[in-house]
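Chemist: Fold the following for me, if possible:
(one chain, ligands or ions: 1)
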Amino acid sequence: MQQYYVTTPIYYVNDEPHLGHIYTTIAADVLARHQRLSGKDTFFLTGVDEHGQKVQQAAETRDIEPIALANQVVARYESLWPELSISHDDFIRTSSDRHHKAVQAMWRRLENAGAIYKGFYEDWYCVPCETYWTETQLKDAECWEAHQCPDCKRDVEKVQEETYFFRLSAYQDRLLAYIKENPDFIAPESRRNEVVSFVEGGLRDLSVSRTTFSWGVPVPGDEKHVVYVWIDALTNYLTAVGYPEQENPERWPADLHLIGKDILRFHAVYWPCMLMAAELPLPKRIFAHGWWTVEGEKMSKSKGNALRPADLLNQYDADVLRYFLLREVPFGADGDFSFDALKVRYNSELANDVGNLLNRSLAMLKKYNGSVLGEVGEEQAADRALIADVEGMQRDVDELLERQAFHLALERISSVVKHGNRYVEDNAPWALAKTEDTARLNTVLYHLVESLRLIAVQLSPFMPEKIALMLSQIMNKDVDVNTLRLSDEAGWGQLQVGHQCQAPSPIFPRLDQ
Ligand code: ME8
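Modeler: Purely as a prediction, here's the structure:
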C-alpha cells in the first residue's frame, strides 16, 4: 500500500495554542484525511517542542520547572485536538525518552560524518527568535546601533561561548543544486525563491550547542553542552517514525512538512543540510503557509490579542472553522481573520449552497416519493453534464490537494454544489411532479441525491462531523467518515433504486447577519 507521511511544526510550550497553531494542524489534518480516503497508509504527526532557553525562561517566570510548564500546555493540546477533529497518528514530545535517544543518535551520526566540530562563538543572540546574528547582519539591517533583532526588533544579547558547529557551509552547493533540480521541493514558489537567494548569499557554519542553559538534550560525550533547540526539534520528524531503532526509517522521508513562513529557513536550509550530512533522504516537500492577522492586527503576546481556540469554538462548530480557514485565504498567502467574513462565507457557501441543496433534494424526495429513490429513466444531456462535473471534481480535488491548494479544492466542490442548485431550478421537480412523467422526476431526484453523496465524500476531510451527518441522512444509517475509501465510494451510481433516504434535517442553519 502506498504510504503518506505529513507533519506539522511541533509547537513551543511557552505559549497556549492559538489560531496560528490550529491553522497548520487543521490543514495537515485535511491532507491526512484526504490521503486515507484515497487509500494510502497515512501517518500524521504533530506534537510539541519543549526544550530551549525560551521555555526555560517562561517556566522561571512562573516559578515552576520547565517540564511542569510543558505538561500544562501538552494537556491543552491534548484536549484541543479532538475538539477540532484532528486525527493525528502520533503526538510527539521532545522531552520523551524516545526523542532523547533520537537526538543523541543524530548528533553522533553527524559527528561521525565529520559534519560537527568544536569551536568558539561570539555573536549576538535573540532569545525570543532563537536566532544568532553577526555584527554584519545587524549592520545591514540597521539594527546595530540599537542592538535589536532584525526580525522582531527586540534586544539582542552578546554571547560568547564554546560551542559545537555544524558544517552548514559545506552543503551550500549541494542544497542549491537539489532545490533547482526539484522544483516541487519548496512551495509556494515565492518561498522557494527566498530560500534560493538566502542560500546563494552564502551559508555560515551553524552553532549547534549551548552551555548557557540546561533544559535540553545533553551533547553525547560532552554533557556541559546542550543540543541547540532546532537540531533537537527538527529531529522529531525522524523520532516519530522509529529512528534510531531503524537507522533509515521505513516511513522516511516525509511526504510533506507543513509549516508557517516564520520557520522556513530552519526547514528548507538547516534540515536538508543535516539530512544530507546524515546521508538520509530529504523530505519530498516543504510548504510554508502565510500569516494570519486578527481583525486587521498582528496577534501578539504583548497585546494579548491572540485568538484562542475557545473564543472560536464558543461561537462556531469546529467544522465551520475548518472550512473557513482553508476556504477564505489562498494557502500560502497571508490572511486576516474576522468574524464578519466567517459569517458571510458560512451563509453563502454552507447554508445557502450545500445546506440548501441537501435540504431541498431530500425534502422533494420525501414529498414526491416517500424518501425512496425511484426507477431511473433515460439520461438527458443535463444529467450527463452533472455527472461529468461530479467526476471532474473528484479528479480536480485530488490534484489540487496534491499541491496544497485547499481554497481551490473547496472552490471546485462549491462549483458542483452551485451546479446542483442550478440543476434543480432547470429541471423543476415540482413541475415534473404535476405531470405523468414519474420516470423523469425519479431521474432528476436520483441525480441530485447521488451528486450530494459524492460531494459529501469529497468534503468529508474538511468537515468530518458535519459530513457524517449529511451522509447519514443520505445513506439512512450512521456513517463513519474515517473508514470511507474512494475505491468503494467514488463511482457514480452506487445508490440503489429502492434505497430510502432520511427526511432532511438542516446541518448548516442560516446565521443572522
Ligand atoms: O516555531 N499565522 O513553534 P511555534 C499562521 N517550535 N500560522 C501561525 C501563526 C500565525 N499568526 N502563528 C503561529 C516553533 N503559527 C518551533 C517549531 S518545528 C521542528 C519547530 C503556526 O509554537 C505556524 O505553523 O512558534 C508556525 O510555523 C508555527 O505556528 C510556529 O509555532
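
Chemist: How about the worst-scoring helix or strand of the chain on mean pLDDT and the ligand, any contact?
Modeler: Sorted by mean pLDDT, DSSP states H and E, the helices and strands of the chain end with strand 131-133, the least confident at a mean of 85. No - using Cβ under 6 Å from any ligand atom, strand 131-133 stays clear of the ligand, with a minimum separation of 11.2 Å. Any C-beta I mention is one placed from the backbone N, CA and C, and that applies to glycine too.

Chemist: Tell me which other helices or strands that strand touches.
Modeler: If you count contacts as 3 or more Cβ pairs under 8 Å, 6 or more residues apart in numbering; DSSP states H and E, strand 131-133 packs onto strand 116-126.

Chemist: now the strand it packs on: mean pLDDT?
Modeler: Across strand 116-126, the average pLDDT comes to 90.

Chemist: can you tell me if that strand touches the ligand.
Modeler: No - applying Cβ under 6 Å from any ligand atom, one finds strand 116-126 separated from the ligand by no less than 13.4 Å.

Chemist: Tell me the bridge partners for residue 116.
Modeler: As for beta bridges, residue 116 partners with residue 166 under DSSP bridges.

Chemist: how near is it to the ligand?
Modeler: Distance, residue 116 to the ligand, by Cβ to the nearest ligand atom, to the nearest Å: 19 Å.

Chemist: Pull out the buried positions in stretch 65-74.
Modeler: Neighbour counts over stretch 65-74 (16 or more other Cβ atoms under 10 Å) mark 66-67, 69-70, 73-74 as buried.

Chemist: residues in contact with it?
Modeler: Stretch 65-74 is contacted from outside by 13-17, 48, 50-51, 55-56, 58-59, 62, 93, 95, 215, using Cβ atoms under 8 Å, 6 or more residues apart in numbering.

Chemist: count of residues packed around the closest residue to residue 271 other than its chain neighbours?
Modeler: Counting by Cβ to Cβ, 6 or more residues apart in numbering, residue 234 is the residue found nearest to residue 271 once chain neighbours are left out, at 4.7 Å. A count of nearby residues for residue 234, using other Cβ atoms under 10 Å, gives 23.

Chemist: Residue 234 reaches residue 273, doesn't it?
Modeler: No - judged on Cβ atoms under 8 Å, residue 234 makes no contact with residue 273 at a distance of 10.6 Å.

Chemist: which parts of the stretch 1-150 of the chain sit against the ligand?
Modeler: Residues of the stretch 1-150 of the chain that fall close to the ligand, judged by Cβ under 6 Å from any ligand atom: 9-12, 20-21, 23-24, 49.

Chemist: With distance to residue 174, neighbour count and pLDDT added, can I get those residues in a markdown table?
Modeler: Formatted as a markdown table, those follow (distance: Cβ to Cβ, whole Å; neighbours: other Cβ atoms under 10 Å; pLDDT from 0 to 100):
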| residue | distance to residue 174 | neighbour count | pLDDT |
| --- | --- | --- | --- |
| 9 | 25 | 25 | 98 |
| 10 | 26 | 23 | 98 |
| 11 | 31 | 22 | 98 |
| 12 | 30 | 20 | 96 |
| 20 | 32 | 21 | 97 |
| 21 | 33 | 22 | 98 |
| 23 | 33 | 25 | 98 |
| 24 | 29 | 20 | 98 |
| 49 | 27 | 24 | 98 |
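
Chemist: Thank you kindly, that will do.
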